[in-house]
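*Asks:* just coords:
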């Protein structure tokens, strides 16, 4: 176990921000969250907060070496999000409100392959259904990985695993028409050319990565920008979906001030998206669904989480 005090870090907000789909409450231990990322997993328990609420201790179910070797970078803990918040135009009341509401969100540095598949699934979908489809995919094709030798979590499946049974293997997972995108991507990324494509993307600038992503079946501009932001960590990327378009039309009719936030506009996009998506009513629905899914996974002798 490793305990650390962090600032600008809120797990429920990150969980519901739309950038990641494998964080959920771990019901067997109150006030604890289970985070699965690729082949790794960790339980995190928030502890005491400072008087001003800006700092809080967190207990990670891993060693300091594992935290520094993976989770510190995964959660982007070396970036000063306080400075980013302080840079927001005081006269922009909507963005100020969104940033205050979403304070604690960080842009995660997720696995590229996992993020590509996750955002292919995300198209014309909602967060609750996306989570369920991804979890079902992991249950069917992933491998078990252990936390503390007691908790077993399914890893995200490899390209080879996803394409081994063709389209029939992807049925019944709630993927709909997206199954063809996933199979095509899995087949491509299983090949030598596809593996080289993934490695090339990791070294690309944002301007270079977008056209490379758009070459692949099923990836449009919004999905490409999400991959750039949430996997390649091009935090200047600003994905525009229906919700963000509505915000821009309503609050920025003369255009969003991208020049003011050049190089980190994607962080502000997350504040705006989360604020639009998780008002009190929407937040209650999402939290209820997360708890329901957690109960299902805990009670089933399966899947994504099992006690050994």
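*Replies:* Received the coordinates, thanks. Just so you know, these numbers come straight off a predicted model, no measurement behind them.
*Asks:* Do a quick rundown of the strands in the stretch 101-250 of the chain.
*Replies:* 144-147, 151-154 (DSSP state E, counting those that start in this stretch).
*Asks:* Out of these, point me to the one whose mean pLDDT is lowest.
*Replies:* Of all the strands of the stretch 101-250 of the chain, mean pLDDT reaches its minimum on strand 144-147 (a mean of 75).
*Asks:* and that one, which strands flank it?
*Replies:* Applying DSSP bridges to the sheet, strand 144-147 is found paired with strand 151-154 (antiparallel).
*Asks:* which SSE is residue 12 in?
*Replies:* According to DSSP states H and E, residue 12 maps onto helix 11-15.
*Asks:* can you list contacts of that helix?
*Replies:* Contacts to helix 11-15, defined as C-beta atoms under 8 Å, 6 or more residues apart in numbering, come from residues 20, 23-24, 33, 44, 46, 75, 102-106, 108, 274, 287, 290. C-betas here are computed from N, CA, C, even on glycine.
*Asks:* nearest to residue 219, of these?
*Replies:* Looking at those and their distance to residue 219, the nearest is residue 20, at 18.7 Å (C-beta to C-beta).
*Asks:* tell me the phi and psi of that closest one?
*Replies:* Main-chain dihedrals, residue 20, degrees, to the nearest 10: phi -140, psi 150.
*Asks:* what does the one 5 residues further on give?
*Replies:* The phi and psi values for residue 25, taken as degrees, to the nearest 10, are phi -60, psi 140.
*Asks:* which residues does it bridge with?
*Replies:* Assessed by DSSP bridges, residue 25 has beta-bridge partners residue 33.
*Asks:* Tell me, how many residues neighbour residue 168?
*Replies:* 8 (other C-beta atoms under 10 Å).
*Asks:* what's the answer for residue 38, then?
*Replies:* Around residue 38 there are 19 residues (other C-beta under 10 Å).
*Asks:* Spit out the contact partners of it.
*Replies:* Contacts of residue 38 (C-beta under 8 Å, 6+ apart): 111, 114, 155, 156.
*Asks:* Touching, the first one and residue 155? I think so.
*Replies:* So the one you mean is residue 111. No - here residue 111 lies out of contact with residue 155, judged by C-beta atoms under 8 Å, at a distance of 10.3 Å.
*Asks:* Looking at these two, which is more packed in?
*Replies:* Neighbour totals were compared for residue 111 and residue 155, and residue 155 leads with 20 against 17 (other C-beta under 10 Å).
*Asks:* shouldn't the more buried one be in contact with residue 139?
*Replies:* No - using C-beta under 8 Å, residue 155 and residue 139 do not qualify as a contacting pair, with a distance of 10.7 Å.
*Asks:* Over to residue 45: give its phi and psi.
*Replies:* phi -120, psi 120.
*Asks:* For it, give me its contacts.
*Replies:* Here residue 45 is in contact with 29, 31, 32, 33, 58, 59 (C-beta under 8 Å, 6+ apart).
*Asks:* ok, it to residue 88 distance?
*Replies:* 31 Å (C-beta to C-beta, to the nearest Å).
*Asks:* now do residue 176
*Replies:* Noted for residue 176: a distance of 38 Å to residue 88, by C-beta to C-beta.
*Asks:* between these two, which one's more packed in?
*Replies:* Taking neighbours as other C-beta under 10 Å, residue 176 and residue 88 compare with residue 88 leading, 17 against 13.
*Asks:* Just list the residues touching the nearest residue to residue 39 once chain neighbours are set aside, thanks.
*Replies:* Distance criterion C-beta to C-beta, 6 or more residues apart in numbering; nearest residue to residue 39, sequence neighbours excluded, is residue 155 at 4.3 Å. Counting by C-beta under 8 Å, 6+ apart, residue 155 touches 36, 38, 39, 40, 41, 138, 142, 143, 144, 145.
*Asks:* could you redo these as JSON lines and give each row distance to residue 81?
*Replies:* Converted to JSON lines, the contacts of residue 155 look like this (distance: C-beta to C-beta, whole Å):
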{"residue": "36", "distance to residue 81": "23"}
{"residue": "38", "distance to residue 81": "24"}
{"residue": "39", "distance to residue 81": "27"}
{"residue": "40", "distance to residue 81": "23"}
{"residue": "41", "distance to residue 81": "24"}
{"residue": "138", "distance to residue 81": "29"}
{"residue": "142", "distance to residue 81": "31"}
{"residue": "143", "distance to residue 81": "34"}
{"residue": "144", "distance to residue 81": "34"}
{"residue": "145", "distance to residue 81": "29"}
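*Asks:* Narrow the residues you listed to those that are buried.
*Replies:* Among these, the ones that count as buried by 16 or more other C-beta atoms under 10 Å are 36, 38, 40, 41, 138, 142, 145.
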